[in-house]
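Novice: okay, sequence plus prediction incoming.
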Amino acid sequence: MKKIAFLGFLFLNLTVTAYAQDLVKYVNTLQGTNSRHELTYGNTYPTTALPFGMNTWTPQTGRNGDGWKYQYFKKTIRGFQQAHQCSSWTNDYAVFSFMPVAGKLTVNEEERATSFSHKNEIAAPHYYKVKLDNEITTEISPTERGAHLKFTFPERQKSYIVLDGYTKLSLVKIIPNERKIIGYVNNGHYVPENFKNYFIVVFDEPFVSYGTWDNQSNEIMPGDSMKEGKGAGAYIQFKAGVTVQAKVASSYISHEQAAITLKRELGKFKTFYQTKEAAKKIWNEHLGRILVEGGTEEEKATFYSCFFRASLFSRQFFEYDAQGEPYYYSAYDGKIYRGFMYTDTGFWDTFRAQFPLNALMYPTMHGRYMNALLAAYDQCGWLPSWSFPGEGGSMIGNHAISLFADAWVKGIRTFDTQKALKAYYHEATNKGPWGPANGRHGWKEYYQLGYVPYPEYGEATAKTLEYAYDDFCAYQLAKHTGSSFYEKIFERQMFNYKNVFNPATLFMEGKDSKGEWKPKFDPFEWGGPYTEGNAWHWLWSVFHDVNGLIGLLGGKEKFTTKLDSVFTEPPTVNTGSYGGMIHEMTEMVNAEMGQYAHGNQPIQHMVYLYNYASQPWKAQFHVRNIMNKLYNSTENGYPGDEDQGQTSSWYVLSALGFYSVCPGTSEYVIGSPVFEKATITLENGKKFVIKATNNSPKNCYIGATRLNGKNYTAKFLEHTDILKGGMIEFDMQSQPNLTVEQSLSDRPFSLSK
Ligand code: CA
């Protein structure tokens, strides 16, 4: 937002009270888009979509098939695409694109690419607009499964729209008398053979001419109305200098369903403006569920840009039939089922804060999600861990159980807990056919030895730590639902984190099946027994038993000293098994916070752990410093990959003043709120207010705290206290409140006392 350099700063301040609900203006969807392979500031694209929408839309600066869809520093746009997956690392599926072309018809993606500048670009959640340097303007407003597009061509120039069928098999069928194109694309990951994205496009202007082409040969077939093949596409010519609108919708089920969706979502909108205003209203209502007051305009821009990003995941993967009933195509077995399905998330990232934020704000959706997980288990035999939309088993851990346990302890009762435990037990005692997080890599040794041995298994120490946490979640769910069989099994295993703790070095380390520690231990060494991190990052992954970890480290003093050291150690990198700098390493070095690597997930909860060891003021200081230093609302707005709403959710929760350190428990650990006041409107209609008197960047420390007017000493908030509505008040001050000594019950949840 610094870039946007509000001339209207004063104006904004004056109007913000009068239009308190116009929050969409704070969102910059370009946040985090200035990313590249070797260094990311978010790895995002300017997502134009509704909350949790099935389809998103974005301008495309990268080649077809390149996961880097839109990079801020690129000079040309080659298309406007229907998109889904968030990250260049995962690439995307079910993509097709449109490109307006003036003068001479050019179809090839390199030839049609047109320069643009950011000053001619508007990037809001409900509205994307760009005027390319050739004077063609494109505007996009989203619905959940479709979009309304508007192309304005320069006067008297021949005006074309090119439809690109992307990287794999596609079909286009042009129906001139209905001003329509239908077709499908079948690009996708880990999906059954019959996976198709059926689309329908209806224009509001007659066709002057039309034809097909394909992006393999780039050969144009004038007058041809149908083509199927790799990269098959279409072009339409309109009258010169036209302003043409296109309504688009798509379906994974059928062409008929795409037409039903088009009518259902876009039928009521006569003009582009109406679609845009409707989308704006939806976002303002959504963002208004958390109303922040006080703070700077930039802090509000960062907050709402992050809240926007957090609210895109998980994506709906279901559709509404002619009767308005939900049903979906299963990316697991290729069949059609009744009910709800969601996709585009990797639990390794999102179990930490993104799902807890959804559980708090959107419990109805979250309840449906729990059943979708069990449906996926029925359909493919495994619980999802990374939905692409099919299952890839990427990253590590079996974190579906974290979602189940967290939902249950937060009062969500929509799902069969016995089935969830059975599915998890199957997950924990088998290895599936896909990646390491499909079933359990090293499950036998984990069960027999109490840890996953290294070097027998890659990233084994990280796996042990996350399996132990997941086992705790299963224990929690079993205990809460009276399932003693599973309770006993997982109770035995949830302390397994201790088995990879080396008392000689005071770190979690790689250990082989004979019990020998990995030689030449270097806490700065990345990879090997760790996932995308080093020993400094992985020491803290004992979410469920921080007291146990405090014990291993020799008590609270030594524990907090170790936490301090993360920031005071040099940012040294030993690239280890990665054999070279990966972007996460560079991001840690650039942050100038020692070994603190907020750009990746393993350490994101760490600063909150000071609360478990009677030094809450350090959590308060660091959490504010991280928010201030590592986040902003610009294209450089994140300290690394955003990752399906996780890094945004960290900010949203932290800015409110608390964080979900241990999903699967009902507690949020207190940090330091950014705003003077935040009002959360819950789905049950209740309001929970977080008030921070005398708050400022300098006054980041919490003095006295009151919950509903009563003195409050606990270092965590209970989910039920939020749900009931009410107010927590923090008296903010410039000096740490060193006098607070907590009773044990004031400390956040730990298994060990
Ligand atoms: Ca990451």
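Specialist: Happy to help now that I have it. These numbers were taken from a predicted model, which means no experiment stands behind them.
Novice: start and end of stretch 231-245, how far apart?
Specialist: With CA to CA, to the nearest Å as the measure, the ends of stretch 231-245 fall 24 Å from one another.
Novice: get me the contact residues on the stretch 201-350 of the chain for the ion.
Specialist: Proximity of the stretch 201-350 of the chain to the ion, by CB under 5 Å from the ion, involves no residues. For every residue, glycine as well, the C-beta is placed using N, CA and C.
Novice: okay, now the one residue in the stretch 201-350 of the chain that gets nearest to the ion: neighbour count?
Specialist: Distances between the stretch 201-350 of the chain and the ion by CB to the ion are smallest at Asp349, namely 5.9 Å. Asp349 has 27 neighbours, counted by other CB atoms under 10 Å.
Novice: same question, Gln21
Specialist: Neighbour count of Gln21, defined by other CB under 10 Å: 11.
Novice: and the residue of the stretch 201-350 of the chain closest to the ion, that's in a helix?
Specialist: Yes: judged by DSSP: H, G, I helix; E, B strand; the rest coil, Asp349 forms part of a helix.
Novice: tell me the pLDDT at it?
Specialist: On pLDDT, Asp349 comes in at 97.
Novice: so who does it touch?
Specialist: Neighbouring residues of Asp349 by CB atoms under 8 Å, 6 or more residues apart in numbering: Met395, Gln601, Asp643, Gln644, Gln646.
Novice: among those, name the ones in helices.
Specialist: Gln646 (DSSP state H).
Novice: need the contacts of Asp349 in TSV with neighbour count, can you?
Specialist: Shown next, in TSV, are the contacts of Asp349 (neighbours: other CB atoms under 10 Å):
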residue	neighbour count
Met395	21
Gln601	28
Asp643	30
Gln644	29
Gln646	26
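Novice: of the contacts of Asp349, which are in range of the ion?
Specialist: Among the contacts of Asp349, the residues that sit close to the ion (CB under 5 Å from the ion) are Asp643.
Novice: between the contacts of Asp349, which sits nearest Glu205?
Specialist: Using CB to CB, Gln644 comes nearest to Glu205 of these, at 38.1 Å.
Novice: let me know whether that closest one touches Thr350 as I believe.
Specialist: Yes: with contacts defined as CB atoms under 8 Å, Gln644 counts as touching Thr350 at a distance of 5.2 Å.
Novice: and for these two, which residues touch both?
Specialist: The contact sets of Gln644 and Thr350 overlap at Phe313, Ser314 (CB under 8 Å, 6+ apart).
Novice: for the closest residue to the ion within the stretch 651-753 of the chain, which non-adjacent residue is spatially closest?
Specialist: Using CB to the ion, the single residue of the stretch 651-753 of the chain nearest to the ion is Tyr651, 14.8 Å away. Among residues not flanking Tyr651 along the chain, Cys306 sits closest, at 4.3 Å (CB to CB, 6 or more residues apart in numbering).
Novice: wait, a helix at the one you found?
Specialist: Yes: judged by three-state DSSP, Cys306 forms part of a helix.
Novice: quick one on the thing from earlier: from the contacts of Asp349, pick the one nearest Thr138.
Specialist: Taking CB to CB as the measure, Thr138 lies nearest Gln644 of those, at 26.8 Å.
Novice: what about the closest one, distance to Asp344?
Specialist: Separation of Gln644 from Asp344 (CB to CB, to the nearest Å): 7 Å.
Novice: what touches both of these two?
Specialist: The contact sets of Gln644 and Asp344 overlap at Cys86, Phe313, Ser314 (CB under 8 Å, 6+ apart).
Novice: reformat those as TSV; add neighbour count.
Specialist: Below are these laid out as TSV (neighbours: other CB under 10 Å):
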residue	neighbour count
Cys86	29
Phe313	26
Ser314	24
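Novice: need these in TSV with secondary structure, can you?
Specialist: Shown next, in TSV, are these (three-state DSSP):
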residue	secondary structure
Cys86	coil
Phe313	coil
Ser314	coil
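Novice: possible to save those as a markdown table with pLDDT?
Specialist: Output for these, formatted as a markdown table (pLDDT from 0 to 100):
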| residue | pLDDT |
| --- | --- |
| Cys86 | 85 |
| Phe313 | 96 |
| Ser314 | 91 |
